[in-house]
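[1] need coordinates for the following:
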Amino acid sequence: MTAVRASQLIDAYLRRLEKELADLPTAKRHEIVDEIRSHIAGERSAMVDETDANLMNLLDRLGDPAEIAAEARSGAERRRPAPGFRRFGTLEVLALALMLLAWPVGVILLWASRAWTTREKVLGSVLPPGGYPGAFLVMSTFHWFVSMADSGPKWGQITVGAVLFTVSLLLLTAPIGMCVYLATRMRVPSQQQGDVRGSSRW
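    Purely as a prediction, here's the structure:
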């Protein structure tokens, strides 16, 4: 799938970046914009499914143009992470682990971290609800359905058994699936990026 507004989203981001960098020397401004443009192109080429939402997430992970410009003015060294690079901090590891074992605490840490976008935090909060504690709570009610099915025909028992097995499988794999998704979507927060030193200066 191709993003319908790809050019508009990217051009708007780069125009805003150029505006924020207006007070820098022309050569420096062009260097930063060209590097960002090249990075966007590299990320787009690695996308399996390029949609407007994925592009917006990409731009969000790059950082606010105002923050990039502020770092450039301060002379801070910064190297953009290679596509797919992620850094796990203690907060992020705890958030993912506790979303499985202690869902409410994990969700609080998820929202406290700057490693994910608001959209990703919302998804992590509602899908699936309750993590494994919620999954086991739902599964604890399955014996009622089995008891009701036992009093019915054989085909009904088989159907109920198959449905409950499928639901159980989804409940057990969904929390892990969401944590894997959040891990792959995690970005390096801007304050951590400033600690990553490289050859290019922004």
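
[2] which residues does the closest residue to Asn57 other than its chain neighbours contact?
    In space, and not counting its chain neighbours, Asn57 is closest to Thr117: 5.9 Å by CB to CB, 6 or more residues apart in numbering. (C-beta placed from N, C-alpha, C; glycine too.) Contacts for Thr117 were tallied using CB atoms under 8 Å, 6 or more residues apart in numbering; they are Asn57, Asp60, Arg61, Arg185, Arg187.

[3] if you rank the residues you listed by neighbours, which is first?
    Neighbours here mean other CB atoms under 10 Å. Within the contacts of Thr117, the largest count is held by Arg187, at 22 neighbours.

[4] out of the contacts of Thr117, which are inside helices?
    Asn57, Asp60, Arg61, Arg185 (DSSP state H).

[5] distance check, the second one against Ser113.
    Going back to what we said before, that points to Asp60. From Asp60 across to Ser113, the span is 14 Å (CB to CB, to the nearest Å).

[6] likewise the third one?
    Using CB to CB, one obtains 13 Å as the distance from Arg61 to Ser113.

[7] and the last one, by the same measure?
    Taking CB to CB as the criterion, Arg185 is separated from Ser113 by 12 Å.

[8] tell me the least confident of the contacts of Thr117?
    Within these, pLDDT reaches its minimum at Arg187, with 63.

[9] state the phi and psi torsions of Gly130.
    For Gly130, the backbone dihedrals (degrees, to the nearest 10) come out as phi 90, psi 0.

[10] let me know the pLDDT of the nearest residue in space to it that is not next to it in sequence.
    Of all residues not flanking Gly130 in the chain, Trp103 sits nearest, at 5.1 Å (CB to CB, 6+ apart). Looking at Trp103, its pLDDT stands at 82.

[11] again, but for Thr159
    The model's pLDDT for Thr159 equals 90.

[12] with adjacent residues omitted, what lies nearest to it?
    Ala149 (7.9 Å).

[13] shouldn't the one you found be within a helix?
    Yes - according to DSSP: H, G, I helix; E, B strand; the rest coil, Ala149 belongs to a helix.

[14] ok, it - contacts?
    Gly156, Gln157, Thr159, Val160, Gly161.

[15] put the buried members of these into a PyMOL selection.
    This is how PyMOL selects the buried members of those, with burial counted by 16 or more other CB atoms under 10 Å:
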select buried, resi 160
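
[16] using a markdown table, lay out the contacts of Ala149 together with secondary structure.
    Converted to a markdown table, the contacts of Ala149 look like this (three-state DSSP):
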| residue | secondary structure |
| --- | --- |
| Gly156 | helix |
| Gln157 | helix |
| Thr159 | helix |
| Val160 | helix |
| Gly161 | helix |
